[in-house]
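Engineer: my questions concern the predicted model and sequence given below.
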Amino acid sequence: MGDYGKLYRTYTKEMCEKMKELVHYADIITPNLTELCTLIDAPYPENGASIEELKEMCGKLAKRGPKHIVVTGIHFNQTQIANFIYNKGEDFQIVMVDRIGGDRSGTGDVIAAIIAGMYLNGHSLYESVKKAADYVSKCIRYCEENEVPSYWGLCFEMFMKDLTEEA
């Protein structure tokens, strides 16, 4: 839907409204901070969101349907990325990974796919998010070490076998 407080140019108001309607049917949703703010009609926190703010925003979204919310790719500080896990009626969890290089298109999609696949195969949400975050970090590290242009997105194909092996 968007990044850094701005929706993508291709994302229309009508599409946003439809996404807000679809949230009602979701069990798990994996928005980044921009998408979370958009879904609850909240202003984007330019200086980041605190744990309390994340809990409050996720609580508002959870009232619309999803039991589990994973806010992905939060720039926690200069060296770390956080993934905030909200489970309705439970305490929150955080999965941290090292920040490697810049942003790459497709990372959110890969993270969402891994979370869904692992969760549907009986892993806890925390284990699913941890696996997804570690996997994407490995892929980004590969891209950085091999000077893959960022506009190529995330190179993940060569590591897909890692997703079928138990950690």
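Structural biologist: That came in fine, so what should we check first?

Engineer: which strand or helix spans residue 127?
Structural biologist: Here residue 127, judged by DSSP states H and E, is contained in helix 125-145.

Engineer: buried residues in that helix?
Structural biologist: Using 16 or more other CB atoms under 10 Å as the test for burial, helix 125-145 gives 125, 128-133, 135-137, 139-140, 142-143. C-beta coordinates here come from the backbone N, C-alpha and C atoms, glycine included.

Engineer: for the most centrally placed residue in the chain, list each beta-bridge partner.
Structural biologist: For the chain, the residue nearest the mean C-alpha position is residue 72 (2.5 Å; CA atoms, centre = their mean). Taking DSSP bridges as the rule, residue 72 bridges to residue 32.

Engineer: contacts only, for the nearest residue to residue 27 once chain neighbours are set aside.
Structural biologist: Computed as CB to CB, 6 or more residues apart in numbering, the closest residue to residue 27 that is not its neighbour in sequence is residue 67, at 5.5 Å. Contacts of residue 67 were listed using CB atoms under 8 Å, 6 or more residues apart in numbering, and they are 27-28, 87-88.

Engineer: need those in TSV with pLDDT, distance to residue 57 and secondary structure, can you?
Structural biologist: Putting the contacts of residue 67 into TSV (pLDDT from 0 to 100; distance: CB to CB, whole Å; DSSP: H, G, I helix; E, B strand; the rest coil) gives the following:
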residue	pLDDT	distance to residue 57	secondary structure
27	93	18	coil
28	95	16	strand
87	94	15	strand
88	89	13	coil
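
Engineer: weed out the non-buried ones from those.
Structural biologist: 28, 87.

Engineer: quick one: the strands in this structure?
Structural biologist: With strands called from DSSP state E, the chain shows them at 2-3, 6-7, 28-29, 68-75, 80-87, 93-98.

Engineer: mean confidence for the first one?
Structural biologist: Looking back up the chat, that one is strand 2-3. For strand 2-3, mean pLDDT is 82.

Engineer: one more: the second one?
Structural biologist: The predicted model gives strand 6-7 an average pLDDT of 86.

Engineer: list the contacts of that strand.
Structural biologist: 1, 16, 34, 38.
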